[in-house]
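Undergrad: coords please:
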Amino acid sequence: MSAVGGTETYAARVRGRPEFIAYAAFDAGLVDIEIAGAGEPAFRWAQGERKGQAATIHEIESQFGERLRANLGIRHIEELTALGSAAVTDIAASLPHDLGSGGLRRQAGLSYRDIRESALKDMYGLFDDDPRLGPSLQSQLFLHGGLGALAALPVSLAELLPDPYDFRIAAATAFQGLDSLGELRAASAVDIQTDKLRDRFAMRLANSLASHGPALLATMLAPSYPLSKSLKNPALLDSLRGPDGFTRVPQTPLNSVGACASSAIAFCEIAPQLVLDYPGFHRPKIALWTAADAATRPHWQILDAFGPGALMTRGKLDILNQGRAAAAQRSVADSLAPFDIDANGTVVGEGGSGLLITTLDFALRNFLDITSIVVGWGQSGEAGGKAHFAGVGFGGENATVHALEIAWRAHGYSVSDFQYLVAHATGTRTNSKTDLTTAANARRAAADRQGFKGPLPGMIVGTHKAVGDGHTMGETGLKGVAQAIQYLLGNEAVGVPTLRNLDPDLSDIAEAFTLHAAPVAGNRDGGALCATQGFGGYNGALALRGANADAFSRYAPDRNLLAAYLERWPELRAEREQRERSARLRRGSTLELALRHRWKGME
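TA: Okay, the predicted model is just below:
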């Protein structure tokens with residue numbers, strides 16, 4: 001979920017599909033969507049006099065198209081516009097429609113009443129309707145993205161992993177739930193005699209922590225009991241005892257905070273745990289990789305931290321458009337323009353994502369649809385110059401060099417086996433230069449280590465930020481990997497849609513890359529690199545390759561097992577895609593997925 005909307009809305013926008021506006025209407029709560037098997041979606045009005053009746057794309061477009069587009073993606077924020085010059089900028093990429101003010105909870109099925117009337121009723125206190133007690137927007141994004149990823153599984157998580165201790169969450173964020181912190185009051189503002197708010201300290205304190213979203217996600221999935229019940233009836237805890245002595249609960253969530261590279265760093269921390277052994281260490285078998293950021297809440301303070309120099313502003317946009325013909329002017333929606341002469345600032349966004357990761361052996365044995373293979377990862381901490389703290393400078397290529405080194409030494413893929421670069425691409429001319437220079441330096445260093453002679457083949461560049469979701473900070477690397485996976489599935493992936501005139505300052509460095517506005521054709525036998533740079537010198541990178549029979553044969557799996565898997569693979573893929581799409585387009589599916597995949601106690 002991002003400023004553009006849900007996954008289906010985003011994908012339709014990248015590919016220029018006409019149903020984009022219908023998916024946007026679903027995000028806004030205007031229509032419901034029915035999908036019969038693998039057929040085309042059917043749209044029905046969700047409100048008004050025609051509630052339940054069929055709605056066509058043309059009708060949705062004519063009645064709501066202009067309003068929907070004005071309330072999604074990169075846009076002017078009316079609240080900030082009203083402040084005039086008192087606001088740093090009035091351009092942002094916060095969640096669309098009403099998703100940031102109650103709509104996401106309704107769509108996910110995570111309202112107080114939803115929880116109270118479900119099998120998770122003992123957790124209702126964590127979903128209070130009072131914003132001081134209920135989950136912050138950032139926590140909601142963790143739940144929406146994290147639990148949503150579980151739709152990929154053909155059976156319940158509890159069936160796949162009978163022991164919850166085999167499961168772990170790797171979570172990332174650049175900011176804690178600032179909207180929750182905004183609900184806290186200064187000590188001088190509290191009148192103990194008249195304060196009517198119940199003292200729910202556990203909810204209030206937990207909701208103020210940066211770790212609350214991942215912890216809430218783990219708690220919803222874990223077998224658990226209210227503290228009051230377990231104190232009165234200790235026998236309940238007997239159901240948590242596992243046969244090997246470990247308590248039957250998921251491993252503690254791994255939380256990473258590393259500016260814009262947060263999600264990439266989270267992956268770099270969890271990946272060795274999945275593949276390396278150490279005496280006494282209990283490896284997780286599946287990890288849920290998730291990230292979320294809602295930095296613009298509650299009162300847009302983070303925009304002041306960036307300042308007008310780093311951000312895209314109305315003033316900069318007006319200057320760009322001066323003297324240009326109407327057809328050549330930039331709208332606010334395409335004002336984030338990486339690698340372009342118009343790259344004059346970034347746009348702060350909000351978003352949440354989730355993916356499941358496991359080992360090839362586990363995926364084959366459990367007939368899980370394999371969408372791609374991570375063949376390398378790396379992180380580093382060089383700010384590119386001690387006098388510049390932004391960390392989007394030069395010298396951060398070590399992360400990518402590490403990723404390419406693992407791909408070469410462990411998997412046999414050379415630097416030339418990666419054709420698609422998902423760039424950090426914040427939207428400033430400085431970052432445009434450092435983005436490509438760092439990637440080029442990393443590829444050249446890796447080529448030298450591999451003994452690769454001659455010029456390197458060019459790479460196609462893509463960036464999801466230019467689609468309209470802006471810069472989602474710590475979540476941005478995970479969303480970049482999602483685009484890489486689309487490319488490796490053979491689907492159209494994002495290019496640089498706001499690119500018009502290549503920045504001349506990129507000079508000859510741009511010759512090593514292909515930059516164009518059109519979507520990028522996918523390649524099931526291709527490779528992709530995802531690199532992120534963050535304030536303070538945080539850098540992270542991943543290298544991925546397409547999943548196919550030839551790729552699997554590199555790892556010498558059991559021949560009979562591989563043959564059985566390949567025979568069923570087309571069916572596994574079709575079923576996964578249908579499950580995921582159905583969940584994305586069904587209201588309340590987040591709660592449904594939690595109920596389906598949780599480990600039960602003595603219920």
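Undergrad: so what's Trp157 up against?
TA: You called it Trp, but residue 157 is Leu. Shown in contact with Leu157 (C-beta atoms under 8 Å, 6 or more residues apart in numbering): Leu150, Phe167, Leu221, Ile286, His597, Arg598, Trp599. C-beta here means a position set from N, CA and C on the backbone, and glycine is covered the same way.
Undergrad: for Tyr487, what are its contacts?
TA: Taking C-beta under 8 Å, 6+ apart as the criterion, Tyr487 is in contact with Tyr420, Gly462, Ala493, Val520, Gly522, Asn523, Gly526, Ala528.
Undergrad: Looks to me like Val374 is in a strand.
TA: Yes - counting by DSSP: H, G, I helix; E, B strand; the rest coil, Val374 is found in a strand.
Undergrad: contacting residues for it?
TA: Val374 sits next to Phe267, Ala271, Ile357, Leu542, Ala543, Leu544 when contact means C-beta under 8 Å, 6+ apart.
Undergrad: I figured the second one was touching Trp377, is that so?
TA: I take that to be Ala271. Yes - Ala271 is within contact range of Trp377, at 5.4 Å (criterion: C-beta atoms under 8 Å).
Undergrad: Looking at these two, which has the bigger crowd around it?
TA: Higher neighbour count among Ala271 and Trp377: Trp377, with 25 against 19, using other C-beta atoms under 10 Å.
Undergrad: How is the more buried one assigned, secondary-structure-wise?
TA: On the three-state scheme (three-state DSSP), Trp377 is labelled strand.
Undergrad: hang on, it packs against His402?
TA: Yes - judged on C-beta under 8 Å, Trp377 makes contact with His402 at a distance of 7.1 Å.
Undergrad: Tell me the residues that contact both of the two, please.
TA: Common neighbours of Trp377 and His402, counting by C-beta under 8 Å, 6+ apart, are Ala541.
Undergrad: Look up how far Trp377 lies from Thr359.
TA: As for Thr359, its distance to Trp377 is 14 Å (criterion: C-beta to C-beta, to the nearest Å).
Undergrad: Then Ala171?
TA: From Ala171 over to Trp377 the distance is 17 Å, taken as C-beta to C-beta.
Undergrad: Next: Thr371.
TA: For Thr371, the distance to Trp377 (C-beta to C-beta) stands at 17 Å.
Undergrad: do Gly352 as well
TA: Per C-beta to C-beta, Gly352 is found 22 Å from Trp377.
Undergrad: Tell me how many other residues surround Ala549.
TA: Quick note: Ala549 (other C-beta under 10 Å) scores 11 neighbours.
Undergrad: Turn the contacts of Leu157 into CSV, including distance to Asn548 and pLDDT.
TA: As requested, the contacts of Leu157 are exported to CSV (distance: C-beta to C-beta, whole Å; pLDDT from 0 to 100):
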residue, distance to Asn548, pLDDT
Leu150, 25, 98
Phe167, 28, 96
Leu221, 32, 96
Ile286, 22, 97
His597, 28, 97
Arg598, 34, 95
Trp599, 34, 94
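Undergrad: Let me know the closest of the residues you listed to Leu231.
TA: Leu231 lies nearest to Trp599 out of the contacts of Leu157, by C-beta to C-beta, at 21.3 Å.
Undergrad: and which of the contacts of Tyr487 is nearest to Glu592?
TA: Among these, and counting by C-beta to C-beta, the member closest to Glu592 is Ala493, at 29.3 Å.
Undergrad: quick one: contacts for the closest one?
TA: Val14, Tyr420, Gly462, Gln483, Ala484, Gln486, Tyr487, Pro519, Val520, Gly522 are the contacts of Ala493 under C-beta under 8 Å, 6+ apart.
Undergrad: same thing with Ala521?
TA: Residues near Ala521 by C-beta under 8 Å, 6+ apart: Glu492.
Undergrad: pLDDT score for it?
TA: On the pLDDT scale, Ala521 is placed at 97.
Undergrad: Thanks a lot, see you next time.
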